[in-house]
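Peer 1: Provided below for reference: sequence and predicted model.
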Protein chains: 2
Amino acid sequence: MTQAVQMLHSDSSSPAAQGMQPMRVGLLGLGVVGGGTWTVLARNAEEIARRAGRRIEVARIAVRDVEKARSKVGEGVEVSTDGHALVRDPRIDIVVELIGGDTLARELVLEAIAQGKHVVTANKALLAKHGNEIFAAASARGVMVAFEAAVAGGIPIIKAIREGLTANRIQWVAGIINGTTNFILSEMRSRGLPFADVLAEAQRLGYAEADPTFDVEGVDAAHKLTLLASLAFGVPVQFDRAYIEGISQLAQEDISHAERLGYRIKLLGITKRRAEGIELRVHPALVPAERLLANVEGAMNAVLVRGDAVGPTLYYGQGAGEEPTASAVVADLVDVTRLHTADPGNRVPHLAFQPEALSDVQILPIEQVSTSYYLRVRVDDQPGVLADIARILADRGISIGSMIQQPSHIGGADLIFLTHEAREGDVDQAIAEIEATSFVRSKLTRLRVEHLS
Amino acid sequence: MTQAVQMLHSDSSSPAAQGMQPMRVGLLGLGVVGGGTWTVLARNAEEIARRAGRRIEVARIAVRDVEKARSKVGEGVEVSTDGHALVRDPRIDIVVELIGGDTLARELVLEAIAQGKHVVTANKALLAKHGNEIFAAASARGVMVAFEAAVAGGIPIIKAIREGLTANRIQWVAGIINGTTNFILSEMRSRGLPFADVLAEAQRLGYAEADPTFDVEGVDAAHKLTLLASLAFGVPVQFDRAYIEGISQLAQEDISHAERLGYRIKLLGITKRRAEGIELRVHPALVPAERLLANVEGAMNAVLVRGDAVGPTLYYGQGAGEEPTASAVVADLVDVTRLHTADPGNRVPHLAFQPEALSDVQILPIEQVSTSYYLRVRVDDQPGVLADIARILADRGISIGSMIQQPSHIGGADLIFLTHEAREGDVDQAIAEIEATSFVRSKLTRLRVEHLS
């Protein structure tokens, strides 16, 4: 038995945790994540106090439906419909915003900051659109806005980039940051079903919303990616500059072709530092099947970060759901509890870089992005076609890495090309030229290929 | 362009970073990790200052060979052989200990703490053995001892557990935390070579030391696991209680059998919370081939953590090497820089839990561990043998999940069993009884099976 062991109290509720005032939390919203936060704070109260040095207590809740909330939390806590009163309540130390949207949420978050309260939020849409305003207000007022739950649920990816990789010039971040689309893509591949069928099933299982647009068209992933780009490169949040392409147009046959070529298709959020600016893009991409990222299946999330010193690091876990997301909310509460007495000028900056040291490096338009491409086109099965297409590509400086040809059962043949790295604008022009030839029978399908090395 | 962008300086060296005094670092040791730390701090000085709010500068170095150090760092920094003078130097804010070992290192770290200096170290052996003493001294003196580089190199796993997963009652941690052994196991599997051949090659390539005992016998992994267990469960470091078994006795044929059964063999560090106490063990283990952890190849590291709220999360990256390890050292320097003005009582605790709230839950002896088992034994090829072995196992409450039998080319037959979960002490007794039967021709080979679910 070591010396330190003998000094221990066997009772795990320490004097420090007992003697100090609890941190008092006001909860805006008690839906899936709010309910999870309530449950986790209650169930693990002891363990959390042993870590945080004091208890963390929900002192007040604001919801639309008070009766419903009461049935969850009982009588011991104040529940009302008045969010404004909650953020003004002098007994509240930290406001947790879990109502979503960016109108009332923005108003209440700014009001909480003005009242000198720390804020924890899971609201990626709010921060992707109004983050600059909110972080500036928080810095001016000397309070923290913590948002680990806004990206990749319970995976501590924001902390990893903001604090764990600070030694690095980060080169790129590539992530599976939307569970709904990863579930759909996993099912399309493993069961050979088309998008529409799998989406319907995902809706039945609760993995996809009744209106799935936000997820399947890549908007949710782009909100999260916007925050990751700011953390990685020290630029303000610029959601309006993101290129966004979802998976609703993805054909089952491209998933099969990709697999035969040794790739899997994932919806990736990618942000990359280039000499000319920063790439910020969400789209389906072919990933080599042997990469860990290609093997992240179902509703799981994973983010791969490449730094110049550390090389590649990967972070994997559940990106959504009641308790995984609550795990991130509560971790932020503990962080704020541990750090709220620290000199505001020396705290961890919201966007990883000191506010006055943010960079104005531009986000590149998609035409200036460079990557590799998968091109599929149906053509007449006649001599010279391949030569003509290869010539069009070569004229734009696009070189072909590999090609497969397969006869179509409805006549003609499908040609599939994998290119080496090329500029998107050049590929756009080559595609237009190929589609204008007389031997092409269909629109060309273009997907991007990410080697992640 | 958003409002915040317009407020930016295009010059990335911010007024804050320029106006404040740099943090002055004293480097004890300039070997692989020390050299990497020097390189990364110099190359990314600008980016690091933008994050930390001030420059971080190596002001003094102590090494054994001053000439050699000079050839690396030039003339601008004070280099001597006197570590004691360095830790007493009033100009130094943070001491980085990278000399290794636990004699002089312990002395210098304790002296630095006594001098009121923060300490950053990559020394897992030191902390696994003397962590309780060192952390207690640091807490009493109000300084930080940061050790991200001590476990899994550049992967921010300590930060993830200590700060990212604070909401959770952590259930278990299982990690590939030694790159040398993972490289050897990967090569043994993919090339079908025996341990000794691959070890020799690893030594040629610089993946293994001339005396590889520390790595291949699991001691290095056990040092790291000891720290992870403390962070996960809030117990003092207790390296002397760890069960340690390396890979030097692992037979090539067991790797092949495992593969046929759908498993891969990895050297895992496992620590698990049970009602009766905490498991703390390093040994080779069969892992289902479809798990991400089974697909971590070569010298890479990965740690899987299961929390009650977040579920499983995984952290992957380079666990050793000059710049990956330096990445963690420098991240700690940035952390200390950001937090050194914080009230010591409110800082992140060294072992994730408040010192006065550490628990005295016992580490279980290996006989009380519960897991599944792979058992291989060579027997006479005659009727009744299988029935007798099954009876011996059943008598100890050990049930068989699957069995394969294969004739041996030197006569007799090999029987391979996968058991359901059983208590190690019961398995020990069953093994002794099986080995005592008349039909058994060899010692029984026992490996543990971890489903990680």
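Peer 2: Cool, the structure landed.

Peer 1: can you tell me how far the residue of chain A most remote from its centre is from residue A:390?
Peer 2: Computed with C-alpha atoms, centre = their mean, the residue of chain A farthest from its C-alpha average is residue A:383, at 46.8 Å. Noted for residue A:383: a distance of 13 Å to residue A:390, by C-beta to C-beta, to the nearest Å. All C-beta atoms are positioned from the backbone trio N, CA, C, and that covers glycine.

Peer 1: hang on, the earlier thing: can you tell me the SS state at the residue farthest from the centre of chain A?
Peer 2: Under DSSP: H, G, I helix; E, B strand; the rest coil, residue A:383 falls in the coil class.

Peer 1: which residues of the stretch 301-450 of chain A fall in helices?
Peer 2: For the stretch 301-450 of chain A, the helices defined by DSSP state H, counting those that start in this stretch cover A:322-339, A:385-395, A:424-435.

Peer 1: of the ones you listed, flag the one that's most buried.
Peer 2: Comparing the helices of the stretch 301-450 of chain A on average neighbours per residue, with mean count of other C-beta atoms under 10 Å in any protein chain shown, the densest one is helix A:322-339 at a mean of 27.

Peer 1: check whether that one comes near chain B.
Peer 2: Yes. Shown here: helix A:322-339 in contact with chain B (C-beta under 8 Å from any C-beta of the partner chain) through A:323-324, A:326-331, A:333-335, A:338-339.

Peer 1: return the member of these nearest to residue B:132.
Peer 2: residue A:338 (21.5 Å; C-beta to C-beta).

Peer 1: hang on, isn't the closest one packed against residue A:54?
Peer 2: No. Under the contact definition of C-beta atoms under 8 Å, residue A:338 does not touch residue A:54, with a separation of 9.6 Å.

Peer 1: hey, what's residue A:61 bridged with?
Peer 2: Going by DSSP bridges, residue A:61 is paired in beta bridges with residue A:27, residue A:79.

Peer 1: now do it, the pLDDT please.
Peer 2: Residue-level confidence at residue A:61 comes out at 98, pLDDT.

Peer 1: could you find the closest non-adjacent residue to residue A:121?
Peer 2: residue A:97 (4.2 Å; C-beta to C-beta, 6 or more residues apart in numbering or on different chains).

Peer 1: the stretch 51-200 of chain A against chain B: which residues are in contact?
Peer 2: Taking C-beta under 8 Å from any C-beta, the part of the stretch 51-200 of chain A that reaches chain B is made up of A:51-53, A:132-133, A:135-136, A:148, A:153-156, A:159-160, A:163-169.

Peer 1: just the ones of those in helices?
Peer 2: Those of these mapping onto helices are A:51-52, A:132-133, A:135-136, A:159, per DSSP state H.

Peer 1: format those residues as a markdown table; extra columns: neighbour count and pLDDT.
Peer 2: Compiled in a markdown table, those are given as follows (neighbours: other C-beta atoms under 10 Å in any protein chain shown; pLDDT from 0 to 100):
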| residue | neighbour count | pLDDT |
| --- | --- | --- |
| A:51 | 27 | 96 |
| A:52 | 28 | 95 |
| A:132 | 22 | 97 |
| A:133 | 17 | 98 |
| A:135 | 23 | 97 |
| A:136 | 17 | 97 |
| A:159 | 26 | 98 |
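
Peer 1: against chain B, how distant is residue A:287?
Peer 2: 14 Å (C-beta to the nearest C-beta, to the nearest Å).

Peer 1: dump the residue contacts of that residue.
Peer 2: Residue A:287 makes contacts with A:263-266, A:268, A:293-294, A:450, A:452, as judged by C-beta atoms under 8 Å, 6 or more residues apart in numbering or on different chains.

Peer 1: circling back: what about the residue nearest to residue A:121, distance to chain B?
Peer 2: Taken as C-beta to the nearest C-beta, the spacing of residue A:97 relative to chain B amounts to 17 Å.

Peer 1: burial measure for that residue, as a count.
Peer 2: Burial measure for residue A:97: 27 neighbouring residues, criterion other C-beta atoms under 10 Å in any protein chain shown.

Peer 1: who's it bridged to?
Peer 2: Partner residues in beta bridges with residue A:97, using DSSP bridges, are residue A:28, residue A:121.

Peer 1: list the contacts of it.
Peer 2: A:28-29, A:105, A:108-109, A:112, A:119-123, A:126.

Peer 1: now render these as JSON lines, adding pLDDT.
Peer 2: Formatted as JSON lines, the contacts of residue A:97 follow (pLDDT from 0 to 100):
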{"residue": "A:28", "pLDDT": "98"}
{"residue": "A:29", "pLDDT": "98"}
{"residue": "A:105", "pLDDT": "98"}
{"residue": "A:108", "pLDDT": "98"}
{"residue": "A:109", "pLDDT": "98"}
{"residue": "A:112", "pLDDT": "98"}
{"residue": "A:119", "pLDDT": "98"}
{"residue": "A:120", "pLDDT": "98"}
{"residue": "A:121", "pLDDT": "98"}
{"residue": "A:122", "pLDDT": "97"}
{"residue": "A:123", "pLDDT": "98"}
{"residue": "A:126", "pLDDT": "98"}
